[in-house]
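using only what follows, build the 3D model:
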Amino acid sequence: MQSPTEQVFEYRRVQKERDDMTYAIKNSNADLRTETIKKGSPHTLLITKTHDTYLAQMKIWNHDGMVLERLERMKS
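Predicted coordinates for the structure are as follows:
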């Protein structure tokens, strides 16, 4: 999960282990999405990195930048 280039990780385990991993991911602050691929046995838990936190922080950053620009214009 620490790789800067790998976006998807396939976790092929029995259901109990997949459930435990899904629970751990949902109860963490990690930007990860999970999906079970029901092809083959045991099934595969597909774990995908997302950029949700990054996008939310960029939205705040852009908003703050607009507010600062307005304040600068008001000072002039």
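
neighbours around residue 45, how many?
21 (other Cβ atoms under 10 Å). The way it works is simple: take the backbone N, C-alpha and C, and place the C-beta from them, glycine included.

what helix or strand does it sit in?
strand 44-49 (DSSP states H and E).

centroid-nearest residue for the chain?
Centrality entry for the chain: nearest residue to the mean C-alpha point is residue 31, 2.1 Å, by Cα atoms, centre = their mean.

pull up the per-residue confidence for the residue lying closest to it once chain neighbours are set aside.
With Cβ to Cβ, 6 or more residues apart in numbering as the criterion, residue 31 has its nearest non-adjacent residue at 4.6 Å, and that residue is residue 50. At residue 50, the model reports a pLDDT of 87.

tally up the residues packed near residue 50, please.
Residues near residue 50, counting by other Cβ under 10 Å, number 12.

how much space separates it from residue 10?
Going from residue 50 to residue 10 by Cβ to Cβ, to the nearest Å gives 16 Å.

circling back to that earlier point, and the strand holding residue 45, what does it pack against?
Applying 3 or more Cβ pairs under 8 Å, 6 or more residues apart in numbering; DSSP states H and E, one finds that strand 44-49 makes contact with strand 8-12, helix 15-26, strand 32-37.

among the ones you listed, which is nearest residue 62?
Ranking these by proximity to residue 62 (Cβ to Cβ) places strand 32-37 first, at 24.1 Å.

strand partners (parallel or antiparallel) of the closest one?
strand 44-49 (antiparallel) (DSSP bridges).

in the partner strand, which residues are buried?
For strand 44-49, burial by neighbour count (16 or more other Cβ atoms under 10 Å) applies to 44, 45, 47, 49.
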